[in-house]
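Q: With the input below, show me the fold.
(one chain, ligands or ions: 2)
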Amino acid sequence: MKVLVIGGGAREHALCRSLSLDPAVSALYCAPGNAGIADVATLRPVDALDGDAVATLATELVADLVVVGPEAPLVAGVADAVRAAGIPVFGPSAEAAQLEGSKAFAKDVMAAAGVPTARSYVCTTPEEVDAALDAFGAPYVVKDDGLAAGKGVVVTEDLAVARAHALACDRVVIEEYLDGPEVSLFAITDGVTVVPLQPAQDFKRALDGDRGPNTGGMGAYSPLPWADPKLVDEVMELVLQPTVDELRRRGTPFSGLLYAGLAITGRGTRVIEFNARFGDPETQVVLARLRTPLAGVLLNAANGTLDAQPPLVWRDDAAVTVVIASHNYPETPRTGDRIEGLLEVAAEDEPDAYVLHAGTRREGDTVVSAGGRVLSVTATGSDLAQAREKAYTAVARIRLDGSQHRTDIAAKAAGLG
Ligand code: AMP
Ligand code: GLY
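A: Ligands and ions are numbered 1, 2, ... in the order given. All right, here's what the predicted structure looks like:
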């Protein structure tokens, strides 16, 4: 099977790594990719937002499967263009990707499907904004309706900050604050059958102790030893299957990866958000634990034959990933810094710990930073404490001027405070 992956972050590196280990994959391409993905896939330049360009590339490569990683191409209709060219694609249509592309659309689907989520108002005028902020009180949760790369959401005790963010958006969703730990649960679906993956937890804030600004994600781990063992079944029944059924009922079936961001509150599990793609950095730890070869599962979803998919098989191992971000991330990340220590990790820590590249590019003989999140150092171990130790040992070998990472990823879950 020839597979083309669209994107170029750590999630795509994790996908390409798993696909490269799948004996069914005879050729693996990634467009545009990054310096690390080049080790496991052949890179092709492409404008990932240009559906025709992606479809043309897939046709040229005689790809049997295209996997679209990031949300922006999905919302732009790249999966539709590939599908129209007659090539199986893992990723939802532009219409179904509105589940991530519009918070208001997601709320509407959840209401229709009876999926538990925060109560909310969609506001377009300052009067509506003030009424909604007043109705819920602090802490305020204010979400830009459109795609904002993880930066559209403000959670604050400060009414003036909440109001300013709301007024800066054209259309905004203001909602009830949900208390409790967050869980990311992914499911692979063909629009009918839903196959859940293993839950993971993401660390959204920039600094240790969940302080600092929201980011795309600074680390993740799986499994969640503290979670109710029935969580996956419960979320399947209350959230994932009803959402997939509702989108099919509307004539916009969702095929691809349905990501439920959940809050485990005192009053039960609630959806914080849906995404229409694999989460980053959760994918790095979830795929590290998946034993079933990946390509066949994604192809079954793309072809609408997920009902024929044998049950997924998971390792007993735990996995931890720690993101190394550039100087000044998430505000105005500095790029072009030289990354050292990659070969030392390869020599000393692999295969238990390895470096997945997020924002990197090659400059002659060296690899330099090319984005806010630069590397995602991933490790597996017999339990979270061991996986953590291996991940941080590898992190310590990496040298990147001005870089930052959290030191407390999975610490609490591993029983370390
Ligand atoms: P989102 O882009 O919707 O995932 O929001 C980003 C982050 O903001 C989430 O991961 C949560 O940490 C936080 N957040 C979003 N909605 C809520 C809510 N209703 N209550 C509490 N925190 C929230
Ligand atoms: N880890 C959060 C996201 O992928 O949106």
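
Q: Could you tell me the per-residue confidence at the nearest residue in space to residue 75 that is not next to it in sequence?
A: Using CB to CB, 6 or more residues apart in numbering and skipping the chain neighbours, the partner closest in space to residue 75 is residue 101 (4.1 Å). For glycine as for every other residue, the C-beta is placed from the backbone atoms N, C-alpha and C. We have a pLDDT of 90 for residue 101.

Q: for the residue of the stretch 251-400 of the chain found nearest ligand 1, what are its contacts?
A: Nearest residue of the stretch 251-400 of the chain to ligand 1: residue 273, at 3.4 Å (CB to the nearest ligand atom). Residue 273 sits next to 100, 103, 106, 261 when contact means CB atoms under 8 Å, 6 or more residues apart in numbering.

Q: Please report how far the third one lies from ligand 2.
A: When you say that, I think you mean residue 106. 13 Å (CB to the nearest ligand atom, to the nearest Å).

Q: do the first one as well
A: Distance check for residue 100 against ligand 2: by CB to the nearest ligand atom, it reads 9 Å.

Q: Next, the contact list for the residue lying closest to that residue once chain neighbours are set aside, please.
A: Nearest residue to residue 100, sequence neighbours excluded (CB to CB, 6+ apart): residue 276, at 4.0 Å. Counting by CB under 8 Å, 6+ apart, residue 276 makes contact with 71, 74-75, 91-92, 96-97, 99-101, 254, 256-259.

Q: Could you give the number of residues near residue 310?
A: Neighbour count of residue 310, defined by other CB atoms under 10 Å: 9.

Q: Equivalent analysis for residue 382, please.
A: Neighbours around residue 382, by other CB under 10 Å: 10.

Q: ditto for the one 5 residues further on
A: The criterion is other CB under 10 Å. On that basis, residue 387 has 28 neighbouring residues.

Q: Wasn't residue 174 part of a strand?
A: Yes - the assignment for residue 174 is a strand, going by DSSP: H, G, I helix; E, B strand; the rest coil.

Q: Look up the pLDDT of it for me, please.
A: The model's pLDDT for residue 174 equals 95.

Q: that older thread, ligand 1 next: which of the contacts of residue 273 are close?
A: Residues of these in contact with ligand 1 (CB under 6 Å from any ligand atom): residue 261.

Q: Let's see which of the contacts of residue 273 end up in helices.
A: Counting by DSSP state H, the part of the contacts of residue 273 found in helices is 100, 103, 106.

Q: show me the contacts for the first one.
A: Under the criterion of CB under 8 Å, 6+ apart, the contact partners of residue 100 comprise 71, 74-75, 106, 147, 259, 273-277.

Q: Could you identify which of the residues you listed has the most neighbours?
A: In terms of neighbours by other CB under 10 Å, the contacts of residue 100 top out with residue 74 at 30 neighbours.

Q: excluding its backbone neighbours, what's nearest that residue?
A: residue 97 (4.1 Å).

Q: Among the contacts of residue 276, which one sits closest to residue 196?
A: Using CB to CB, residue 258 comes nearest to residue 196 of the contacts of residue 276, at 9.4 Å.

Q: Let's see which of the contacts of residue 276 end up in strands.
A: Counting by DSSP state E, those place 256-259 in strands.

Q: Now render the residues you listed as CSV, adding pLDDT and distance to ligand 1.
A: Formatted as CSV, the ones in strands among the contacts of residue 276 follow (pLDDT from 0 to 100; distance: CB to the nearest ligand atom, whole Å):
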residue, pLDDT, distance to ligand 1
256, 98, 18
257, 98, 15
258, 98, 14
259, 98, 10
